[in-house]
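Enquirer: Return atomic coordinates for the entry below.
(2 chains)
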Protein chains: 2
Amino acid sequence: MDPLAITIQLPAWIHDELARHGDVFPTAESRMLLAIALSRRNVIERTGGPFGAAVFERESGSLVAPGVNVVVASRTSLAHAESTALMLAQQRLGTFDLGAEGLPAMELVASSQPCIQCYGNTWWSGVRGLVVGARAEDVEALTGFAEGPLPADWATLLESRPAPLRPIEVTRDLLRSEARAVLDFYRDSGGFIYNAGSA
Amino acid sequence: MDPLAITIQLPAWIHDELARHGDVFPTAESRMLLAIALSRRNVIERTGGPFGAAVFERESGSLVAPGVNVVVASRTSLAHAESTALMLAQQRLGTFDLGAEGLPAMELVASSQPCIQCYGNTWWSGVRGLVVGARAEDVEALTGFAEGPLPADWATLLESRPAPLRPIEVTRDLLRSEARAVLDFYRDSGGFIYNAGSA
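Expert: Predicted coordinates for the structure are as follows:
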């Protein structure tokens, strides 16, 4: 093992899950249903927390990269669903900037509202849109996972980023009850709740 | 290449740089001097932005992991110095939680103040201390890199995290002028300034 290499591996079942959905997701709902399906499958397979996400080309609906929470398995607190989707999308496209010239506009679709970590990671990712299912209050009430000190006006801040940064359009509550159902399922299945730094 | 693997590689010169410093860093200043040396070497080697960081055992001063900015080379907007140090430390220790029971208390030492991304990533990392050299205003004035929407009271928020999270003690302005000097050097050397999402 290279002592200067960081590796985050997403679970192999993602190939199977994606095969059930096809490659193109024309509607906002179809994209969110993929993020939610990833979150549910992550619980069923016991590969991580109840969170799924994906990066799509905004106009075409083409999937760029999926992501799930693999914090425990990858031994990496940064490996939340939104962050793994962003990193994988960038590495697949060969650029640190999903908003780079020559690329179509991208959006991040997440089964639950990003925490303070994924909020900051989204800020520099280059996506032009963020679509969210369950709310932070759903996550905290149903699972016990904490969200951290998100600014109260987090969505407005994304949508009104100062130039030369481009705005990131925010859509909330899309299929919220379907996304919440996975959080319920996780709680009822006795899923492991961790909040690093609270040991 | 595994299509579900994310990899971030730190530059090989880090081995050489660490060999100049030894393994134990008993004082706060010696730890910051390592972070600053990493930031300077990253500019000289043209392997990334002018930022260095490291995770140490707080009491012993033993180095756990170094980190530098490799955003461009690794094609990953998350690969800031603080975040690579945190991820590498966790993977070396085999835990997502640097505050896990049985581990000595850890601190993150960063040549410059964390941006919104590394702020959030620090929140869930499990470190008990954050030590900062240059200020956000130094970074923005000297290099043009942006810091994002950090809360005005970001340090207070870290130090007063709600239970069961543990407080993260913050030290600022340690060897600030030495840390600033690297930012100057980067600007004068014609370093590449990027802010993803502003293309």
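Enquirer: quick one: low-confidence ranges for chain A?
Expert: By pLDDT under 70, the low-scoring segments of chain A are A:1, A:192-199.
Enquirer: Could you check how far the residue nearest the centre of it is from chain B?
Expert: Central residue of chain A (CA atoms, centre = their mean): A:Glu82, 2.4 Å from the mean position. Per CB to the nearest CB, to the nearest Å, A:Glu82 is found 11 Å from chain B. In short, each C-beta sits where N, CA and C put it, glycine included.
Enquirer: part of a helix, is that residue?
Expert: Yes: counting by DSSP: H, G, I helix; E, B strand; the rest coil, A:Glu82 is found in a helix.
Enquirer: Spell out the residue ranges of the strands in chain A.
Expert: A:5-9, A:52-57, A:63-68, A:106-112, A:129-134, A:169-171 (DSSP state E).
Enquirer: Out of these, flag the one nearest chain B.
Expert: Nearest to chain B, of all those, is strand A:5-9, at 4.2 Å by CB to the nearest CB.
Enquirer: Would you list the strands that that closest one pairs with, along with their directions?
Expert: Sheet partners assigned to strand A:5-9 using DSSP bridges are listed as strand B:5-9 (antiparallel).
Enquirer: contacts for the strand it pairs with?
Expert: Strand B:5-9 is contacted by residues A:2, A:4-10, A:84, A:87-88, A:91, B:70, B:73-74, B:76, B:79, B:84, B:87 when judged by CB atoms under 8 Å, 6 or more residues apart in numbering or on different chains.
Enquirer: one step back: wait, isn't the residue nearest to the centre of chain A in contact with A:Gly67?
Expert: Yes: counting by CB atoms under 8 Å, A:Gly67 is a contact partner of A:Glu82 at 6.4 Å.
Enquirer: between the two, what contacts are shared?
Expert: Taking CB under 8 Å, 6+ apart as the contact rule, A:Glu82 and A:Gly67 both touch A:Ala53.
Enquirer: Not counting sequence-adjacent ones, nearest residue to A:Gly49?
Expert: A:Asn69 (3.8 Å; CB to CB, 6 or more residues apart in numbering or on different chains).
Enquirer: how far out from the middle of the chain is stretch A:69-83?
Expert: 11 Å (CA atoms, centre = their mean, to the nearest Å).
Enquirer: just the helices in chain A please.
Expert: Applying DSSP state H to chain A gives helices spanning A:13-19, A:28-44, A:71-74, A:81-93, A:116-123, A:136-143, A:154-159, A:176-188.
Enquirer: nearest to B:Asp23, of the ones you listed?
Expert: Closest approach to B:Asp23 among the helices of chain A (CB to CB): helix A:71-74, 26.6 Å.
Enquirer: Is stretch A:21-40 in proximity to chain B?
Expert: No: contact between stretch A:21-40 and chain B is absent, the nearest approach being 11.9 Å (criterion: CB under 8 Å from any CB of the partner chain).
Enquirer: and the residue nearest to A:Ser74 when sequence neighbours are not counted, bridged to which residues?
Expert: Counting by CB to CB, 6+ apart, the nearest residue to A:Ser74 once its immediate chain neighbours are dropped is A:Ile8, at 4.6 Å. Beta-bridge partners of A:Ile8, counted by DSSP bridges, are B:Ile6.
Enquirer: Neighbours of A:Ile8, how many?
Expert: 24 (other CB atoms under 10 Å in any protein chain shown).
Enquirer: do the same with A:Val131
Expert: A:Val131 has 24 neighbours, counted by other CB under 10 Å.
Enquirer: For it, list the residues it contacts.
Expert: Contacts for A:Val131 (CB under 8 Å, 6+ apart) come out as A:28, A:31-32, A:107-110, A:170-171, A:174.
Enquirer: Same list (those) but as TSV, adding neighbour count.
Expert: Output for these, formatted as TSV (neighbours: other CB atoms under 10 Å in any protein chain shown):
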residue	neighbour count
A:Ala28	17
A:Arg31	24
A:Met32	25
A:Glu107	23
A:Leu108	32
A:Val109	30
A:Ala110	28
A:Val170	17
A:Thr171	15
A:Leu174	21
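Enquirer: Greatest separation within the residues you listed: which pair is it?
Expert: Among those, the pair separated by the greatest distance (CB to CB) is A:Arg31 and A:Val170, at 14.6 Å.
Enquirer: quick one: A:Glu178 and A:Gly133 touch, right?
Expert: Yes: A:Glu178 is in contact with A:Gly133 according to CB under 8 Å; the separation is 7.1 Å.
Enquirer: quick revisit: nearest to B:Pro151 among the contacts of A:Val131?
Expert: Nearest to B:Pro151, judged by CB to CB, of those is A:Val170 at 18.7 Å.
Enquirer: For that closest one, give me its contacts.
Expert: Taking CB under 8 Å, 6+ apart as the test, what A:Val170 contacts is A:129-132, A:155, A:158-159.
Enquirer: quick one on the thing from earlier: was I right about the residue nearest to A:Gly49 contacting A:Glu82?
Expert: No: A:Asn69 lies out of contact with A:Glu82 (CB under 8 Å); the separation is 9.1 Å.
Enquirer: What's the separation between A:Thr76 and chain B?
Expert: According to CB to the nearest CB, A:Thr76 and chain B sit 5 Å apart.
Enquirer: Can you name the residues that contact that residue?
Expert: A:6, A:8, A:70, B:87, B:90-91, B:96.
Enquirer: Number of residues surrounding A:Arg68?
Expert: One thing to correct before we go on: residue A:68 is Val, not Arg. As a burial measure, A:Val68 scores 32 neighbours (other CB under 10 Å).
Enquirer: Good, wrapping up.
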